[in-house]
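Engineer: Dropping the sequence and predicted coords here.
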Protein chains: 4
Amino acid sequence: MPKISKEAFQTLIEEQVPLATLFGIHTEAIGKGTATLRMHYNPSLIRPGGTIAGPALMAVADVALYAVVQGLIGQVEMAVTTNLTINFLRKPSQNDIVAEARILKLGKRLAVGEVTLFTVGEAEPVAHVTGTYSIPPR
Amino acid sequence: MPKISKEAFQTLIEEQVPLATLFGIHTEAIGKGTATLRMHYNPSLIRPGGTIAGPALMAVADVALYAVVQGLIGQVEMAVTTNLTINFLRKPSQNDIVAEARILKLGKRLAVGEVTLFTVGEAEPVAHVTGTYSIPPR
Amino acid sequence: MPKISKEAFQTLIEEQVPLATLFGIHTEAIGKGTATLRMHYNPSLIRPGGTIAGPALMAVADVALYAVVQGLIGQVEMAVTTNLTINFLRKPSQNDIVAEARILKLGKRLAVGEVTLFTVGEAEPVAHVTGTYSIPPR
Amino acid sequence: MPKISKEAFQTLIEEQVPLATLFGIHTEAIGKGTATLRMHYNPSLIRPGGTIAGPALMAVADVALYAVVQGLIGQVEMAVTTNLTINFLRKPSQNDIVAEARILKLGKRLAVGEVTLFTVGEAEPVAHVTGTYSIPPR
């Protein structure tokens, strides 16, 4: 069992991460070391060329890693991202984005994970993210 | 002279990058291979812990690199980020963020730059970004 | 069929990449968008703490991505790395390292891949790499 | 005064980091939050195209960050890299490489720095690196 339910995590981000609501980010599943989030398409996410802005993809990936970490260690608000690398792979179409995140390593002080981002219904990823969260002393 | 004025770049992002407006991003200067942008603080930028959400910092950095690239090659809408790495250095306070961007290498196909992000009025950076833009054939 | 055999790729690196020989890098397999390389342990790879030096892990990962790219587009010597991000996950023991690489996106101008590095015989990865190769015009 | 002299650091890497000797890495200066290292050119550093192999550039950058960290906190062998991102900017010629490293943030648990790499005598950098070291509890 993950240490936070998808409902509790969704409530947390709705209450404490206004960007998640602005971006239409919804928690679909939290597993043991995994999380799936969806970002509902809306026109405020676009950039020149009619595609989804990179920072919106970074946002859903970052929140997805936050979900993975909280699923593993429980609700720790002060777990913070220490770094994140995103590779943009394909131009996303104007559609929902699904973020599939999984843990690569959970240590005492750092958690590293990766996220693959897809346009819903398409097989090839639009972006790939690796990120590190710092875990506060407990 | 940069190939796009700060006013023209600001108009571009206001018309074509809705996130830039949502995030209160304002173009302060574009030079030859440099750009300075400011993100005006507003409460929708926060995350748990009362600090500014990482994706908002990524957004202003990404737009700042876009300004640098357009200052060098002119208005090319389809210049797109191919990758971006952010290191979070210090917890930003609830205040405006200034992004100082500069080019590291302008090639025919790729432009690489770095951005240092500060809380306005503070000497130590809150984050550091490197990113690559792909430049379409001309 | 990959566009370069493992034997031809091994010959190439032995002739043209002296570091690969210094590091004991051996090509085990090249598939369609994948490659598996092994770095044979030798004492010159260590760093303080009795573990394998980070740059040796970066080297085998970089060469593994080179194998993936050559497997997809054929022998193109001037395909060059444009950037690489490595996350160190666990302390490798003094043993061979296996690098499992796969393509994330093959474009006309850029190829992006990821590599997961293991100590031979262990299930948990010791490092994770993403990297981009620039493909010369053909 | 830095907490390790350039001579002591050079001795450390010669005794404990065989790769540094293989690569001809020499410590030129360690300051307060800075370090300058040189990698002497030798033919084992090349890659196809007659340029210096990326992993050699990564190696000197990684060791330069290690020098910065030890200059700030003293000789701590188990400070280890947690991640590193390199952007390759220009093709280095067959000549010595100079690595100029500086700290971006020294925290209790993590140190983040950046390194700019030059071919000796040339003004434009050949590569740019950011990296994070984990500092063991003291």
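Structural biologist: Alright, I've got the coordinates.
Engineer: To what extent is A:E124 buried, counted in neighbours?
Structural biologist: When neighbours are counted by other Cβ atoms under 10 Å in any protein chain shown, A:E124 registers 10. To be clear about C-beta, it is placed using only N, CA and C from the backbone, and glycine gets the same treatment.
Engineer: One more: A:E7?
Structural biologist: A:E7: 10 neighbours (other Cβ under 10 Å).
Engineer: Just list the residues touching it, thanks.
Structural biologist: A:T27 (Cβ atoms under 8 Å, 6 or more residues apart in numbering or on different chains).
Engineer: so it is in which element?
Structural biologist: Assessed by DSSP states H and E, A:E7 sits inside helix A:6-16.
Engineer: Mind checking the pLDDT average for that helix?
Structural biologist: What helix A:6-16 shows for mean pLDDT is 96.
Engineer: swap in stretch A:49-68?
Structural biologist: 96.
Engineer: Name the residues of it that are buried.
Structural biologist: In terms of neighbour count (16 or more other Cβ atoms under 10 Å in any protein chain shown), stretch A:49-68 has its buried residues at A:51-68.
Engineer: number of nearby residues for the residue nearest to A:A20 when sequence neighbours are not counted?
Structural biologist: Closest residue to A:A20 apart from its sequence neighbours, by Cβ to Cβ, 6 or more residues apart in numbering or on different chains: A:I13 at 4.1 Å. When neighbours are counted by other Cβ under 10 Å, A:I13 registers 22.
Engineer: Next: A:T11.
Structural biologist: A:T11: 13 neighbours (other Cβ under 10 Å).
Engineer: quick one: it and B:V60, what's the gap?
Structural biologist: 28 Å (Cβ to Cβ, to the nearest Å).
Engineer: Out of the buried residues of stretch A:49-68, which sit inside helices?
Structural biologist: With DSSP state H as the criterion, helices contain A:54-68 from among the buried residues of stretch A:49-68.
Engineer: Would you confirm that A:G49 contacts B:V80?
Structural biologist: Yes. With contacts counted by Cβ atoms under 8 Å, A:G49 reaches B:V80, the gap being 7.1 Å.
Engineer: Residues that sit against both of the two, list them.
Structural biologist: A:K91.
Engineer: near chain B, which residues of chain A?
Structural biologist: Contact residues, chain A versus chain B (Cβ under 8 Å from any Cβ of the partner chain): A:12, A:16-19, A:22, A:43-49, A:51, A:53-56, A:58-59, A:62, A:77-78, A:80-88, A:91.
Engineer: Out of those residues, which end up buried?
Structural biologist: A:12, A:17-19, A:22, A:45-48, A:51, A:53-56, A:58-59, A:62, A:80-88.
Engineer: For A:D62, give me its contacts.
Structural biologist: Contacts of A:D62 (Cβ under 8 Å, 6+ apart): A:T81, A:L84, A:V129, A:G131, B:G54, B:P55.
Engineer: swap the cut-off to 7 Å and go again
Structural biologist: By Cβ atoms under 7 Å, 6 or more residues apart in numbering or on different chains, the contact list for A:D62 reads A:T81, A:L84, A:G131, B:G54, B:P55.
Engineer: returning to that earlier point: summarise which helices and strands the very next helix or strand once past the helix holding A:E7 is packed against.
Structural biologist: Downstream of helix A:6-16, the first helix or strand assigned by DSSP H and E is helix A:18-22. Packed against helix A:18-22 by the contact rule (3 or more Cβ pairs under 7 Å, 6 or more residues apart in numbering or on different chains; DSSP states H and E) you find helix A:6-16.
Engineer: Off-centre distance for the helix it packs on?
Structural biologist: 13 Å (Cα atoms, centre = their mean, to the nearest Å).
Engineer: Just the C-alphas of it, formatted as PDB.
Structural biologist: C-alpha atoms of helix A:6-16 as PDB (Å, rounded to 0.1, in the frame of the first residue of the first chain):
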ATOM      1  CA  LYS A   6      -4.400   9.300  -4.700                       C
ATOM      2  CA  GLU A   7      -7.400  11.100  -3.100                       C
ATOM      3  CA  ALA A   8      -5.300  12.500  -0.300                       C
ATOM      4  CA  PHE A   9      -2.500  13.500  -2.700                       C
ATOM      5  CA  GLN A  10      -5.000  15.200  -5.000                       C
ATOM      6  CA  THR A  11      -6.500  17.100  -2.000                       C
ATOM      7  CA  LEU A  12      -3.000  18.200  -1.000                       C
ATOM      8  CA  ILE A  13      -2.100  19.600  -4.300                       C
ATOM      9  CA  GLU A  14      -5.400  21.300  -4.800                       C
ATOM     10  CA  GLU A  15      -5.000  23.000  -1.400                       C
ATOM     11  CA  GLN A  16      -1.300  23.800  -1.500                       C
END
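Engineer: So which residues of chain A form strands?
Structural biologist: For chain A, the strands defined by DSSP state E occupy A:25-30, A:34-39, A:46-47, A:51-52, A:80-88, A:97-106, A:110-119, A:127-134.
Engineer: and the fifth one with chain C, contact?
Structural biologist: Looking back up the chat, that one is strand A:80-88. Yes. For strand A:80-88, a contact with chain C is found by Cβ under 7 Å from any Cβ of the partner chain, at A:T85, A:N87.
Engineer: quick revisit: so which of the strands of chain A is nearest D:V112?
Structural biologist: D:V112 lies closest to strand A:80-88 among these, at 7.9 Å (Cβ to Cβ).
Engineer: do that closest one and chain D meet at all?
Structural biologist: Yes. Strand A:80-88 is in contact with chain D by Cβ under 7 Å from any Cβ, via A:T82, A:N83, A:T85.
Engineer: what sits up against that strand?
Structural biologist: A:54, A:57-58, A:61-62, A:127-134, B:54, B:80-88, C:85, C:104, C:112, C:130, C:132, D:83, D:85, D:110, D:132.
Engineer: again, 6 Å this time
Structural biologist: Residues from elsewhere that reach strand A:80-88 (Cβ atoms under 6 Å, 6 or more residues apart in numbering or on different chains): A:58, A:62, A:127-134, B:54, B:81-88, C:85, C:112, C:130.
Engineer: Close to chain D: what parts of chain A are there?
Structural biologist: Counting by Cβ under 6 Å from any Cβ of the partner chain, the positions of chain A adjacent to chain D are A:R109.
Engineer: Apply 8 Å and report the result again.
Structural biologist: Checking chain A against chain D by Cβ under 8 Å from any Cβ, the hits are A:T82, A:N83, A:T85, A:R109, A:L110, A:V112, A:T132, A:S134.
Engineer: do you know how far A:V69 is from B:Y66?
Structural biologist: From A:V69 to B:Y66 the distance is 30 Å (Cβ to Cβ).
Engineer: can you list contacts of the helix or strand of chain A with the lowest mean pLDDT?
Structural biologist: Least confident element among the helices and strands of chain A, by mean pLDDT, DSSP states H and E: strand A:46-47 (a mean of 90). Outside strand A:46-47, the residues that touch it by Cβ under 8 Å, 6+ apart are A:I52, A:A53, A:G54, A:Q94, B:Q16, B:V17, B:P18, B:L19.
Engineer: Tell me how far the residue lying closest to the first one once chain neighbours are set aside lies from B:N42.
Structural biologist: The shortest distance from A:I52 to any residue that is not its chain neighbour, by Cβ to Cβ, 6+ apart, is 4.5 Å, and that residue is A:P92. With distances taken as Cβ to Cβ, A:P92 is found 27 Å from B:N42.
Engineer: Between the two, tell me which one has more neighbours.
Structural biologist: More neighbours surround A:P92 than the other of A:P92 and B:N42, with 27 against 14 (other Cβ under 10 Å).
Engineer: Verify the stated contact: the more buried one with A:L57.
Structural biologist: Yes. Counting by Cβ under 8 Å, A:P92 sits close enough to A:L57 to count as a contact (7.3 Å).
Engineer: which residues do these two both contact?
Structural biologist: Counting by Cβ under 8 Å, 6+ apart, the shared contacts of A:P92 and A:L57 are A:L117, A:V126, A:A127.
Engineer: pLDDT score assigned to the closest residue to the last one other than its chain neighbours?
Structural biologist: So the one you mean is A:A127. The shortest distance from A:A127 to any residue other than its chain neighbours is 4.3 Å, reached at A:L117 (Cβ to Cβ, 6+ apart). Confidence at A:L117, expressed as pLDDT, is 98.
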